[in-house]
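Enquirer: Need coordinates for the below:
(chains A and B)
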Amino acid sequence: MRLSRYFLPVLKESPRDATIVSHQYMLRAGMIKQSSAGIYSWLPLGFKVLKRLEQIVHEEQERAGHIAIQMPTIQSADLWRESGRYEAYGDEMLRIKDRNGNDLLFTPTAEELVTDIFRSHVASYKSLPMTLYQIQWKFRDERRPRFGVMRGREFYMKDGYTFDLTKEAAMHSYNRHLVSYLRTYERMGLQAIPMRADSGPIGGDDTHEFLVLAETGESEVFYDAAVTDLSFGNRVIDYDDVAQCADVMKEFTSKYARTDETHDAALFNTIPADRRRSARGIEVGQIFYFGTKYSNAMGATVQGPDGKPTLVHMGSHGIGVSRLLGAIIEASHDDKGIIWPEGVTPFHVGIVNLKQGDVDADSACQSLYDSVAALGLEALYDDRNERAGSKFGTMDMIGLPWRITVGPRGLKNGVVEVTSRKTGENEEMPPEQAIAKIGEIYRVHGLGNGQLK
RNA sequence: CGGGGCGUGGCGCAGCCUGGUAGCGCAUCUGUUUUGGGAACAGAGGGUCGAAGGUUCGAAUCCUUUCGCCCCGACCA
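Expert: The predicted model follows:
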């Protein structure tokens, strides 16, 4: 993309309403525009990152054997009356009437609807296990929306629902989700720690929340420092292997890590003092096992091996996709702006032309731009007739992890500069080598085709 | 929902107390000179001052009502 043809409304000053850094930077980098309290339009740059995150979630869900569907945002109240939640959900549910006076609502979650789909079409235990998931907009009419996309009223969430014949099988589904979530967050450049949590109004027995440590987090968390040494890495996992998933579950949840809701001070104090940590965290996901709560309320059964109808055991598993934008920025920024991890960056590399209109600089930039595209990657080429400082400032703000700087001075010696946004390290090299380097960086992240022209 | 704050060009703000018909910086447009970390000069465009009602010869300013937004707290992906 050529910046001169793009829509990137970068602001020099922070809008007054934004108080935390991720909100400020999302506004300043022209990623979102507030529409009303807790409701945002996604401008091109923000939309691009949102879609990258969505893509990662889809890929990891598919890898775990989960099946994508899409359910409506507007739902009939009837199903919710069946589960008893139409009344129970309270003011957070946005209730709507259609022209015929029928009660509708904007989906805050989708246990009822997915259970209805399941009971309508799945009749045999042979179809199990099954996980249906969607990535869809949700609306919860929060008392106090705040912090930009971190606590919006409208938010984009991946919600997955598991159906199993037995509790044991359901716990494997639970573990499988935990594993897939670990992979998902790591691909996004995040360390999200599973912590024992409280089940809240959705109701359930076993539940973990995934928290990203950050000063501005809304949750108070307590953990054993040893949990932050854990990393899923590139290990190969068979998602159907019950023991393997259970081992990962055990590895990542046996150390003390809890939110304030479930914090047990006595237990916490058994950890060696030098490893006890209390901090703030941003909740970016949650997994639940809730047994037959909904299948019982809504009559979701399958025929078991014995020929008898059996209530299915269910769980629901969520990732706050839009919230992740905020969480990633909170975890990765400096005083100049955002620093995107390679896995989620809106553009893989920025190309800065220091002297627009200079024949050599223009053609070198165009050639670099084409070469990046040939690698299967996207470049943002700042071809505006601006001064260097302004271009650098924009690139730093929007946080592309790599920048290639092209100017007449370097071109005289046959070199361009490659700069890391994160470390600030700057290296001069011929353009072909710069392209090779960019290709290699993203090949390691599984992005691009790694091929040079 | 309790407490506090704020609504004035796209963004950040001043003006309000003490009423006289709206201003500054950034951004935008035009021109000239510039060009390796947010350029300089000259000119230009853009605002029914959140909304409604009232007081007044006259309201951004005073009064009333109302809507919206933000922060702290209690609740939540």
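Enquirer: any idea how far RNA strand B is from A:Asp198?
Expert: From A:Asp198 across to RNA strand B, the span is 8 Å (CB to the nearest atom of the strand, to the nearest Å). Quick note: C-beta positions are derived from backbone N, CA and C, even for glycine.
Enquirer: residues touching the nearest residue to A:Pro431 once chain neighbours are set aside, list them.
Expert: Leaving aside its sequence neighbours, A:Pro431 sits nearest to A:Val416 (CB to CB, 6 or more residues apart in numbering; 5.3 Å). If you count contacts by CB atoms under 8 Å, 6 or more residues apart in numbering, A:Val416 has them with A:364, A:368, A:404-406, A:410, A:428-431, A:434.
Enquirer: same thing with A:Leu375?
Expert: Going by CB under 8 Å, 6+ apart, A:Leu375 touches A:435, A:438-439, A:442, A:448-452.
Enquirer: Mind checking which of the residues you listed are in helices?
Expert: Counting by DSSP state H, the part of the contacts of A:Leu375 found in helices is A:435, A:438-439, A:442.
Enquirer: Can you add neighbour count and pLDDT and give these back as TSV?
Expert: Below are those laid out as TSV (neighbours: other CB atoms under 10 Å; pLDDT from 0 to 100):
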residue	neighbour count	pLDDT
A:Ile435	25	97
A:Ile438	23	98
A:Gly439	23	97
A:Tyr442	24	97
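Enquirer: Just put the residues you listed in JSON lines and tack on distance to A:Val114.
Expert: Below are the ones in helices among the contacts of A:Leu375 laid out as JSON lines (distance: CB to CB, whole Å):
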{"residue": "A:Ile435", "distance to A:Val114": "46"}
{"residue": "A:Ile438", "distance to A:Val114": "42"}
{"residue": "A:Gly439", "distance to A:Val114": "42"}
{"residue": "A:Tyr442", "distance to A:Val114": "36"}
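Enquirer: A:Val149: which of those residues is nearest?
Expert: A:Val149 lies nearest to A:Tyr442 out of the ones in helices among the contacts of A:Leu375, by CB to CB, at 26.0 Å.
Enquirer: Looking at strand pairing, list the partners for the nearest residue in space to A:Asn269 that is not next to it in sequence.
Expert: Once flanking residues are discounted, A:Asn269 sits nearest to A:Arg276: 7.6 Å by CB to CB, 6+ apart. Beta bridges link A:Arg276 to A:Asp224 when assigned by DSSP bridges.
Enquirer: show me what contacts A:Arg276?
Expert: A:Arg276 makes contacts with A:222, A:224-225, A:268-269, as judged by CB under 8 Å, 6+ apart.
Enquirer: what do you get for A:Phe106?
Expert: The contact partners of A:Phe106, by CB under 8 Å, 6+ apart, come to A:73-75, A:93-94, A:96, A:138-139.
Enquirer: just the buried members of the residues you listed?
Expert: Buried by 16 or more other CB atoms under 10 Å: A:75, A:93-94, A:138-139, out of the contacts of A:Phe106.
Enquirer: Up against RNA strand B, what does the stretch 201-350 of chain A have?
Expert: Listed as neighbours of RNA strand B in the stretch 201-350 of chain A under the rule CB under 7 Å from any atom of the strand: A:201-202, A:209, A:218-219, A:283-286, A:318, A:320, A:322-323, A:336.
Enquirer: Neighbour count, secondary structure and pLDDT for those residues - can I get that in a markdown table?
Expert: Output for those, formatted as a markdown table (neighbours: other CB atoms under 10 Å; DSSP: H, G, I helix; E, B strand; the rest coil; pLDDT from 0 to 100):
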| residue | neighbour count | secondary structure | pLDDT |
| --- | --- | --- | --- |
| A:Pro201 | 11 | helix | 51 |
| A:Ile202 | 18 | helix | 48 |
| A:Glu209 | 27 | strand | 95 |
| A:Glu218 | 14 | coil | 89 |
| A:Ser219 | 16 | strand | 90 |
| A:Glu283 | 22 | strand | 95 |
| A:Val284 | 25 | strand | 96 |
| A:Gly285 | 27 | strand | 96 |
| A:Gln286 | 24 | strand | 95 |
| A:Gly318 | 24 | strand | 97 |
| A:Gly320 | 25 | strand | 96 |
| A:Ser322 | 24 | helix | 97 |
| A:Arg323 | 25 | helix | 96 |
| A:Lys336 | 15 | coil | 96 |
